[in-house]
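Q: Fold the following.
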Amino acid sequence: MKKGLTWASSLKFTRHTVLMAGLLLLLVVPFNVYAQTDSTQKTDSIQKEEPVAEEESSLISPSLEFISIQKGDSTIDLKATLQAKIKGTFYKLSLLKITFVLVTDTSEKVLGFVITDQLGKAAFNVKAGSLQTDAAGKLHFKAMFAGNKQMEAAEEEVTIKRAMLVITPVKEDSLLTVKVKLIDIGTGTETPVPETALGIFVTRFFNPLKIGEGTTDENGEATVEIPNDLPGDANGNISLLAKLDESEVYGNLEAVAVQKWGIPVSDKIEIQERSLFSSNPPVWMLVTFIILMVVVWGHYIVIVYELFRLRKEEPHSPAPLTNT
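A: This is a model prediction of the structure:
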């Protein structure tokens, strides 16, 4: 009986101790007291909530790249590329209408329109008869995209001064050269353009191959030597291309000359003879390769077979020991 009372008093003392410790902890530890605001009072700090306006869906803003190329036959190529950045990725915009306009001092003349291809590109050739320069001998072109329900309109302008490149191939004995002359024709008279870098290229299937570069002298002329080992077509013809790229005054200019200065390369599909460095190797190389592959892969097959065979075999249980 005495033990039971002792245990009860001890348990009661423990409970009182825990309760007092909790009260002391509440007094010592700081805490924030939150009070409910009176909803009946109106103060200046309380503002009425305004309805959130729905965000209007934004249109796609395309970018229009526009350049002009003055050709050797006095025509001008107008080239535009339409693309747009959507969620961090650039997309070429195809099947869209690009309008090309010639801007004069008094009016704007629509030259025509082109539908962009799969790469978002549109090219338009302007004949020399439809070109009208201003008093300074300059041409002002404009490329425009009218926009649609999903895209905004886009517009880009180019201003260039009339000029022309003249390329003249020259062959002296075994030396092949081309003479290129840059002429300013904006004022109606031919004026040589000195100290201008010109590049000489050979047209290839994808991009032109640069083979030389020259700087015009006081007569607007530059001479560049041409290698005599360039591959040509089946008749040995190569297309030489003289270019002036991204001039601040004249824009881009090109002139082409075709000469029989290349090594004839047949365009017919023929079976090549077996050789070491070709797509048609010798027979001994094919036989050696096949034998090596069979030996190597044969070892792998044997190893895999042995592993499966060992896995299927069950280990023999040891015989019980008996006293004889």
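
Q: centroid residue for this structure?
A: With distances taken as Cα atoms, centre = their mean, the residue of the chain nearest its centroid is Phe90 (7.9 Å).

Q: Same question for the helix or strand containing it: list its buried residues.
A: If you go by DSSP states H and E, Phe90 is part of strand 89-92. For strand 89-92, the neighbour count (16 or more other Cβ atoms under 10 Å) marks no residue as buried. (C-beta placed from N, C-alpha, C; glycine too.)

Q: Following element in sequence after that strand, please.
A: strand 97-103.

Q: Show me what that next one is packed against.
A: The contact analysis (3 or more Cβ pairs under 8 Å, 6 or more residues apart in numbering; DSSP states H and E) places strand 97-103 against strand 76-86, strand 108-115, strand 121-126, strand 138-145.

Q: again, only using 10 Å
A: Contacts defined by 3 or more Cβ pairs under 10 Å, 6 or more residues apart in numbering; DSSP states H and E place strand 97-103 against strand 63-70, strand 76-86, strand 108-115, strand 121-126, strand 138-145, strand 154-161.

Q: Same list (those) but as a markdown table, adding distance to Ile211, mean neighbour count and mean pLDDT.
A: Formatted as a markdown table, those follow (distance: least, Cβ to Cβ, whole Å; neighbours: other Cβ atoms under 10 Å; pLDDT from 0 to 100):
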| stretch | distance to Ile211 | mean neighbour count | mean pLDDT |
| --- | --- | --- | --- |
| strand 63-70 | 20 | 19 | 93 |
| strand 76-86 | 23 | 19 | 92 |
| strand 108-115 | 32 | 14 | 92 |
| strand 121-126 | 25 | 18 | 93 |
| strand 138-145 | 31 | 21 | 92 |
| strand 154-161 | 27 | 18 | 93 |
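
Q: To Gly298, which of those lies closest?
A: strand 76-86 (54.3 Å; Cβ to Cβ).

Q: burial of Pro208, as a residue count?
A: 16 (other Cβ atoms under 10 Å).

Q: Now do the helices in this structure.
A: Per DSSP state H, the chain carries helices over the ranges 2-28, 283-312.

Q: related to what we said a few turns ago, which stretch among the helices and strands packed on strand 97-103 comes nearest Glu270?
A: Once those are compared by Cβ to Cβ, strand 121-126 is nearest, at 35.5 Å.

Q: So what angle separates the directions of that closest one and strand 76-86?
A: If you take axes from the mean of the first three to the mean of the last three Cα atoms, to 10 degrees, strand 121-126 sits at 160 degrees to strand 76-86.

Q: Of the helices and strands packed on strand 97-103, which is nearest Phe289?
A: That would be strand 121-126 among those, by Cβ to Cβ, at 45.7 Å.

Q: Quick check: neighbours of that closest one in the sheet, parallel or antiparallel?
A: strand 76-86 (antiparallel) (DSSP bridges).

Q: can you give me how far the strand it pairs with is from the chain middle?
A: The chain centre lies 13 Å from the centre of strand 76-86; the measure is Cα atoms, centre = their mean, to the nearest Å.

Q: Using PDB, list the CA coordinates for that strand.
A: The C-alpha trace of strand 76-86 is given here as PDB (Å, rounded to 0.1, in the frame of the first residue of the first chain):
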ATOM      1  CA  ILE A  76      19.300  44.400-109.400                       C
ATOM      2  CA  ASP A  77      18.300  41.400-107.200                       C
ATOM      3  CA  LEU A  78      16.200  42.200-104.200                       C
ATOM      4  CA  LYS A  79      16.400  39.500-101.500                       C
ATOM      5  CA  ALA A  80      14.400  39.300 -98.300                       C
ATOM      6  CA  THR A  81      14.300  36.800 -95.500                       C
ATOM      7  CA  LEU A  82      11.300  36.600 -93.100                       C
ATOM      8  CA  GLN A  83      11.700  34.900 -89.700                       C
ATOM      9  CA  ALA A  84      10.400  35.100 -86.200                       C
ATOM     10  CA  LYS A  85      11.600  34.200 -82.700                       C
ATOM     11  CA  ILE A  86       9.000  32.100 -80.900                       C
END
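
Q: ok, back up a step: any chance of the helices and strands packed on strand 97-103 in CSV, plus distance to Ala242?
A: As requested, the helices and strands packed on strand 97-103 are arranged in CSV below (distance: least, Cβ to Cβ, whole Å):
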stretch, distance to Ala242
strand 63-70, 12
strand 76-86, 15
strand 108-115, 26
strand 121-126, 19
strand 138-145, 21
strand 154-161, 17
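
Q: nearest to Phe206, of these?
A: For those, the distance to Phe206 is smallest for strand 121-126, at 15.1 Å, taking Cβ to Cβ.

Q: Give me the residues contacting the closest one.
A: 64-66, 68-71, 73, 75-83, 92, 94, 96-100, 102, 111-117, 139, 141, 143, 145 (Cβ atoms under 10 Å, 6 or more residues apart in numbering).
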